[in-house]
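J.: The following block contains a protein sequence and its predicted model.
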Amino acid sequence: MTIATINPLLTEELFQHIWQFRLFKTASLTTIDGVPVQIVHPGTHNHHAGPDFTAARIRIGNTLWAGNVELHLRTSDWYRHGHQHNGQYSNVILHVVFEHDVPNYDTDKMPPCLSLQELIPKLLLRRYEAFRQLAAFVPCEESARRVPGLIWHNWKERLLIERWERKITSLHSWLLQTGNNWEEVCYRAVAQSFGLPANGEPFLQLAQSLPHTLLARHRPSLMQLEALLFGQAGMLSGTFKDEYPRELQQEYNYLRYKYKLQPIPAYSWKWLRMRPASFPTLRIAALAALLHQAPHLFSRILETESVGRFEQLFSAQPSAYWQEHYRFDGPVSQPRSQGRLAIHNILINTILPLLFLYGREKGQRYYQDRALQFMETLPAEENKISSAWEEAGIEQHNALDSQALLELKQHYCDEKRCLQCAVGAKLLREGIF
């Protein structure tokens, strides 16, 4: 008889979770040959090659053993995986299985064997399978609101940090590339954020083609900053009707020759299905204004103590031409300046992860805590995912909540990682004993 006919609901991942958190009846445990077993510590889950759990402490009979524990759905899997020939498994002190299917198991030559088949609550298995099969917005949509607030609070903060850890991977690589030049890294990150969601990559290419140190030389002149940025963006080629782009073109041609610059391809930019306020021309003009009005931007960020100050810092007004145009030679119009929502998005997705990274790299927890506090001050984001969480009864009071729930949906719920989720794990264990 195979495990599939005995219990099709059990997976290796779930079995490891059950052992790690002792989700089975632990009273009067015995090995398959009747020796008493007491689990002092189940060990640390090993995600690398070798036994499943390390540094376990198990009392078998009258002896307290310290070592590794290996788990299998069937006893025969030990032989099928070739562990009897692998030295990594020579110090296994306990072989934990669901089904014991080897009647002639040699207890003298093999590790003591513990079978949990009759000790695992069937409700736990059924509940786990239901979570995996549900096609709802999230597997626990009907029950997530029952989880205590303290569990949600701690889990959300952990989720946000996980999300930031992924974001700061590229920031850290830039830090290494630039010799720990935080101003350069900040400049690249902010430039990229000005292009999101459609033009983040060309904005990053633009920033990398124009080092911050070069732009700093021309910071006093907004016109020269615009000439460099628009020129490097590939937007100053051809013939223009308006006088201003012709002036930028002339200035850029001089600076390009002086610094031996090579612009990025003009076709890199995306314009289709985009509101005029999000056109790359207006975003480049806004970036030029920010660099003009905020020298030593990263230092200013470190000194900023409130969201309101951040809003003032990033509300730099572009040149007069861009207060009346969306594109070069375009019709006269009244573009909107950088709104609060756009500034908040830059803070959430760029500035605060960068501040968190700075605190981590410098060993100054103050900046990490401040980044989290700012997230609790910013309003929650509004999107399809946040609305669906609200419908499921999970409220979002601030940006920390909305970012954490976005991470939860994308990297736990959608991947059915209920066992790694603090909320899912709580619900799976609820009332099983």
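T.: That came through, no problem.

J.: mind listing the strands for this structure?
T.: 29-30, 36-41, 44-45, 53-60, 63-74, 92-99, 113-115 (DSSP state E).

J.: which one of these lies closest to residue 169?
T.: Among these, the nearest to residue 169 by Cβ to Cβ is strand 44-45 (23.9 Å). C-beta: built from backbone N, CA, C; applies to glycine.

J.: coming back round to it: can you put the strands of the chain in a markdown table and add mean pLDDT and distance to residue 391?
T.: Formatted as a markdown table, these follow (pLDDT from 0 to 100; distance: least, Cβ to Cβ, whole Å):
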| stretch | mean pLDDT | distance to residue 391 |
| --- | --- | --- |
| strand 29-30 | 96 | 44 |
| strand 36-41 | 97 | 42 |
| strand 44-45 | 96 | 35 |
| strand 53-60 | 96 | 40 |
| strand 63-74 | 96 | 38 |
| strand 92-99 | 96 | 38 |
| strand 113-115 | 96 | 44 |
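
J.: can you tell which of the ones you listed is closest to residue 170?
T.: Proximity to residue 170 (Cβ to Cβ) singles out strand 44-45 among the strands of the chain, at 29.1 Å.

J.: what's the closest of the strands of the chain to residue 232?
T.: Here strand 44-45 is closest among those (Cβ to Cβ), at 49.7 Å.

J.: any chance you could map the helices in the stretch 301-433 of the chain?
T.: For the stretch 301-433 of the chain, applying DSSP state H, counting those that start in this stretch gives helices covering 307-313, 340-346, 352-362, 365-377, 384-391, 399-408, 422-429.

J.: For the protein, list the residue farthest from the centre, please.
T.: For the chain, the largest distance from the centre (Cα atoms, centre = their mean) belongs to residue 104, which lies 48.9 Å off.

J.: For residue 267, see how far away residue 197 is.
T.: Distance of residue 197 to residue 267, given as Cβ to Cβ, to the nearest Å: 19 Å.

J.: actually residue 230, sorry about that
T.: Distance of residue 230 to residue 267, given as Cβ to Cβ: 15 Å.

J.: neighbour count winner among those two?
T.: residue 230 (24 against 8; other Cβ atoms under 10 Å).

J.: Just the buried residues of the longest helix belonging to the chain, please?
T.: Longest helix of the chain, by residue count under DSSP state H: helix 149-177. Neighbour counts over helix 149-177 (16 or more other Cβ atoms under 10 Å) mark 152, 155-157, 159-161, 163-164, 167-168, 171, 174-175 as buried.

J.: Compute the inter-axis angle for that helix and helix 422-429.
T.: 140 degrees (axes from the mean of the first three to the mean of the last three Cα atoms, to 10 degrees).

J.: quick one: average pLDDT of helix 149-177?
T.: Helix 149-177 shows a mean pLDDT of 95 in the predicted model.

J.: who does that helix touch, helix- and strand-wise?
T.: helix 182-195, helix 352-362, helix 365-377, helix 399-408, helix 422-429 (3 or more Cβ pairs under 8 Å, 6 or more residues apart in numbering; DSSP states H and E).

J.: let's go with 7 Å and repeat that
T.: On a contact count with 3 or more Cβ pairs under 7 Å, 6 or more residues apart in numbering; DSSP states H and E, helix 149-177 meets helix 182-195, helix 352-362, helix 399-408, helix 422-429.

J.: measure residue 287 to residue 314 for me?
T.: From residue 287 over to residue 314 (counting by Cβ to Cβ), the distance is 10 Å.

J.: coming back round to it: quick one, which of the strands of the chain is packed in tightest?
T.: strand 92-99 (a mean of 24; mean count of other Cβ atoms under 10 Å).

J.: so how far is residue 133 from residue 177?
T.: On the measure of Cβ to Cβ, residue 177 and residue 133 end up 46 Å apart.

J.: How many residues are close by the closest residue in space to residue 246 that isn't next to it in sequence?
T.: Excluding its sequence neighbours, the residue lying closest to residue 246 (Cβ to Cβ, 6 or more residues apart in numbering) is residue 240, at 5.1 Å. Residue 240 sits with 15 neighbouring residues when counted by other Cβ under 10 Å.

J.: which ones are touching residue 78?
T.: By Cβ atoms under 7 Å, 6 or more residues apart in numbering, the contact set of residue 78 is 72, 84, 95.

J.: And it, how far from residue 65?
T.: 18 Å.

J.: With residue 419 instead?
T.: Distance from residue 419 to residue 65, counting by Cβ to Cβ: 27 Å.

J.: Repeat that for residue 262.
T.: 67 Å.

J.: same question, residue 327
T.: Separation of residue 327 from residue 65 (Cβ to Cβ): 74 Å.

J.: okay, now the closest residue to residue 423 other than its chain neighbours: neighbour count?
T.: In this structure, residue 423 finds its nearest non-sequential neighbour in residue 147, 5.0 Å apart by Cβ to Cβ, 6+ apart. When neighbours are defined as other Cβ under 10 Å, residue 147 has 19 of them.
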